[in-house]
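Trainee: Need a 3D model of the sequence below.
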Amino acid sequence: MLPVSDSDMTEYSSGVLIFTPSNQHAMASDTIIELSGLSIFQRNILVLSQVDLRVDKGEFVYLIGKTGTGKSSLLKTLYADLKVTEGEATVAGFNLKTMKRREVPFLRRKLGIVFQDFQLLSDRSITDNLLFVLKATGWDDKAAMEDRIRDVLDKVGLGTKGFKMPHQLAGGEQQRVSIARALLNDPELILADEPTGNLDPETSEGIMTLLFDISRTGRAVLMATHNYALMEKFPSRTLKCENGRVLVS
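Mentor: The predicted structure follows:
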């Protein structure tokens, strides 16, 4: 689990800057993730091998598997926390194998990342949490920032809660804030790592409805989960990490 602090929020928030690095190449227009023969390593230990995977715009895809089978490692690879050394991997038009370190923040500005434990800044209001992300990712028009914050809070059903502090919100509401944060800069892909893991069943269903609604707007959503009951209520394409491979379940 990646910590989020004032100094590194830029790295883990989607953003607004338009950037075309030298290693960026065109995928099929509807393809957000394309992996071919990919091997994933953690500290030189092979975690997953020969991963072949494609995710298109508007898809909702589950990623399942027992603890330690590589789900988080795959997500970390997709947002360039783990380097690609074997195989090919392209995410939102960025070639992860040839990407330079200075280009990583630009990839992450095209992603929205939702964590299990919300990772909100506890010393500021919900509005100020979101304002911080916008400032960190290049926004400087006060009126435009206020409009964007109002828009994303409305989208997640928290339009009247911006003045509250994180500890004043229930767990499901905090997770909705983290989803709003992920949406701030209109990302092409949402990566969700156990987003319902700390929530009760009823609240979890609300979060799932929200994430499916997001996928219907054309964004891809890849969600790691252990919650098979939710998957039965919200069926969708499923990938399974097992025995060092990623399988279609």
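
Trainee: Give the buried residues for the longest helix that the chain contains.
Mentor: Taking DSSP state H as the assignment, the helix of the chain that covers the most residues is helix 201-216. Judged by neighbour count (16 or more other CB atoms under 10 Å), helix 201-216 contains these buried residues: 203-208, 210-211, 214-215. Where C-beta positions appear, they are placed from N, C-alpha and C, glycine not excepted.

Trainee: can you list the residues you listed in a markdown table and add distance to L183?
Mentor: Output for those, formatted as a markdown table (distance: CB to CB, whole Å):
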| residue | distance to L183 |
| --- | --- |
| T203 | 19 |
| S204 | 19 |
| E205 | 20 |
| G206 | 16 |
| I207 | 13 |
| M208 | 16 |
| L210 | 10 |
| L211 | 11 |
| I214 | 7 |
| S215 | 12 |
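
Trainee: what does the longest helix of the chain rub up against?
Mentor: The set of residues that contact helix 201-216 without belonging to it, under CB atoms under 8 Å, 6 or more residues apart in numbering, is 58-60, 156-157, 170-172, 175-176, 179, 183, 190, 192, 195-196, 199, 221, 223, 227, 229-230, 233-234, 236.

Trainee: All the helices of this protein, in order from the start?
Mentor: For the chain, helices defined by DSSP H occupy the ranges 9-12, 71-78, 104-108, 126-136, 142-155, 171-183, 201-216, 228-233.

Trainee: Please convert the ones you listed to JSON lines, extending it with mean pLDDT and distance to Q119.
Mentor: Supplementary listing: the helices of the chain in JSON lines, determined by pLDDT from 0 to 100; distance: least, CB to CB, whole Å:
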{"stretch": "helix 9-12", "mean pLDDT": "40", "distance to Q119": "8"}
{"stretch": "helix 71-78", "mean pLDDT": "95", "distance to Q119": "14"}
{"stretch": "helix 104-108", "mean pLDDT": "87", "distance to Q119": "14"}
{"stretch": "helix 126-136", "mean pLDDT": "93", "distance to Q119": "10"}
{"stretch": "helix 142-155", "mean pLDDT": "95", "distance to Q119": "16"}
{"stretch": "helix 171-183", "mean pLDDT": "94", "distance to Q119": "7"}
{"stretch": "helix 201-216", "mean pLDDT": "94", "distance to Q119": "15"}
{"stretch": "helix 228-233", "mean pLDDT": "94", "distance to Q119": "21"}
